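Give the three-dimensional model of this entry:
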Amino acid sequence: MEFLVDYGAFLLKTATIVVAILLIVAGIASVSARQKARSEGDLSIRKLNEELEDYGHALEEAILDKHELKALHKAREKEAKAENKAAKKKASGDEAEQDVRKRVYVIDFDGDIRASDVDFLRQEVSAILTKATKDDEVVVCLESGGGMVHSYGLAASQLHRIREQEIPLTICVDKVAASGGYMMACLANHLVAAPFALVGSIGVMAQVPNFSKILKKHDVDYELFTAGEFKRTVTMFGHNTPKAREKFQSDLEETHDLFKQHIQQYRTQLDVNKVANGDVWYGQQALEMGLIDQVGTSDDYLVKACENADVFAVRYELRKTLQEKLGLSAQLATENALYRVLTSIQNKLISKS
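Residues are numbered from 1 along each chain as shown. From the prediction side, this is the model:
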């Protein structure tokens with residue numbers, strides 16, 4: 001009898017633990033559902049002017065002695081008082097309105113082969129367009145070796161939205177803007193590239209392995225059924241006919257022509273046929289070819305912009321799900337790792353050496 005009592009108590013404890021676990025799991029699922037129902041991300045805004053000032057102050061603290069720092073602080077206080085006095089005087093006057101300081105909005109775009117950042121770019125551009133005017137400027141710090149045509153076409157369309165509103169668009173390239181990357185970069189009103197940045201690769205490439213001989217060797221038949229003559233052209237496992245290869249090549253040439261037309265639309269002074277051979281050029285060479293407008297780094301451009309404008313870095317960031325926070329999103333991590341490897345391989349192929 002005592003055994004049955006102990007066994008019943010054990011079952012009761014076990015049931016209590018199971019119910020508690022189920023309640024926790026249900027709670028987590030409920031929280032996740034509520035998070036999904038809300039917006040998936042947040043907009044992060046940083047004022048680069050303030051960051052530069054902080055850098056300067058940190059260096060001053062390190063390199064100046066106490067007397068020099070004291071004198072500097074006094075001079076700044078005096079300058080600040082004079083500026084406040086002038087601002088009050090100007091505000092009280094009826095004859096003049098306060099000047100509106102130019103704003104520069106900065107976006108980073110780091111493109112992989114599928115232009116994954118386009119999802120963030122869409123949100124960032126939409127946010128900026130709610131406030132930016134023709135007197136402001138948008139700067140895109142772009143790095144990309146290109147990738148899928150439709151993905152980069154969508155990314156370029158997001159930049160076209162800025163051009164459509166007649167807001168000055170500057171694009172800075174520090175390392176590479178090739179193929180799809182240049183498809184985006186050419187939309188700039190002013191295109192800046194670092195001295196050794198690689199620019200160009202105006203061409204279209206497709207590689208399709210074919211295993212038909214291996215399958216035939218091992219007596220494996222591969223059958224492909226389609227409705228429509230060109231539903232499939234070349235295939236990885238079946239025999240590719242001359243007609244299929246001809247159609248595939250024709251599609252590539254058509255895409256290349258559209259690419260050239262796109263570039264010519266935004267860089268009217270460029271001899272597209274001269275540069276649309278798939279080659280890439282370093283910054284200074286790209287300037288001479290007419291692919292860019294200025295040689296320089298994004299750092300130089302933004303530091304100079306801070307002298308005469310309020311400069312804001314705009315970044316859309318996804319909220320991490322509970323799974324991602326716990327490191328349980330294995331599929332997503334595996335996919336991202338695969339695309340990073342493929343992007344790295346592609347970028348290594350873009351070289352002058």
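
And the average pLDDT for stretch 81-92 is what?
Averaged across stretch 81-92, the pLDDT comes to 69.

Same question for stretch 69-78.
Rounded mean pLDDT across stretch 69-78 is 79.

now it, how far from the chain's geometric center?
42 Å (Cα atoms, centre = their mean, to the nearest Å).

Could the C-alpha coordinates of that stretch be exported in CSV?
Output in CSV follows, covering the C-alpha atoms of stretch 69-78 (Å, rounded to 0.1, in the frame of the first residue of the first chain):
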residue,chain,number,x,y,z
LEU,A,69,42.6,71.3,-21.5
LYS,A,70,41.5,74.0,-19.1
ALA,A,71,42.3,76.8,-21.6
LEU,A,72,40.5,74.8,-24.3
HIS,A,73,37.4,74.3,-22.2
LYS,A,74,37.3,78.1,-21.4
ALA,A,75,37.6,79.0,-25.0
ARG,A,76,34.8,76.6,-25.9
GLU,A,77,32.5,78.0,-23.2
LYS,A,78,33.1,81.5,-24.5
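
Which residues belonging to it are considered buried?
For stretch 69-78, a neighbour-count test (16 or more other Cβ atoms under 10 Å) marks nothing as buried. In this view, the C-beta of every residue, glycine as well, is placed from N, C-alpha and C.

Show me what that stretch is in contact with.
With contacts defined as Cβ atoms under 8 Å, 6 or more residues apart in numbering, stretch 69-78 is touched by E60, E61, L64.

Pull out the buried residues from the residues you listed.
Here, 16+ other Cβ under 10 Å leaves nothing buried among these.

Make TSV from the residues you listed and add distance to L191, secondary structure and pLDDT to it.
Below are those laid out as TSV (distance: Cβ to Cβ, whole Å; DSSP: H, G, I helix; E, B strand; the rest coil; pLDDT from 0 to 100):
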residue	distance to L191	secondary structure	pLDDT
E60	36	helix	80
E61	38	helix	82
L64	40	coil	80
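
The residue lying closest to G278 once chain neighbours are set aside in helix, strand or coil?
Leaving aside its sequence neighbours, G278 sits nearest to G203 (Cβ to Cβ, 6 or more residues apart in numbering; 3.2 Å). Here G203 takes the coil state, with states given by DSSP: H, G, I helix; E, B strand; the rest coil.

Return the residues in contact with G203.
Applying Cβ under 8 Å, 6+ apart, we find G203 in contact with S179, H256, F259, A276, N277, G278.

Among those residues, which are located in helices?
H256, F259 (DSSP state H).

neighbour-wise, which of the contacts of G203 leads?
S179 (25 neighbours; other Cβ atoms under 10 Å).

mind listing what the nearest residue to that one once chain neighbours are set aside touches?
Using Cβ to Cβ, 6+ apart and skipping residues adjacent in sequence, the residue nearest S179 is G146, 2.7 Å away. G146 is in contact with G111, I113, Y152, A178, S179, G180, G181, Y182, M183, S201, Q346, I350, counting by Cβ under 8 Å, 6+ apart.

pLDDT (mean, whole number) over stretch 315-323?
On average, stretch 315-323 scores 76.

ugh, wrong one, stretch 194-211
The predicted model assigns stretch 194-211 a mean pLDDT of 89.

how far out from the middle of the chain is that stretch?
19 Å.

can you check stretch 303-318 too?
With Cα atoms, centre = their mean, you get 16 Å for stretch 303-318.

quick one: contacts of that stretch?
Applying Cβ under 8 Å, 6+ apart, the contact partners of stretch 303-318 are 40-49, 52, 101-108, 120, 123-124, 127-128, 137, 139, 302.

Kindly check the end-to-end length of that stretch for me.
End-to-end distance for stretch 303-318, by Cα to Cα, to the nearest Å: 28 Å.

where do the strands sit along the stretch 201-350 of the chain?
For the stretch 201-350 of the chain, the strands defined by DSSP state E, counting those that start in this stretch cover 280-281, 294-295, 310-318.
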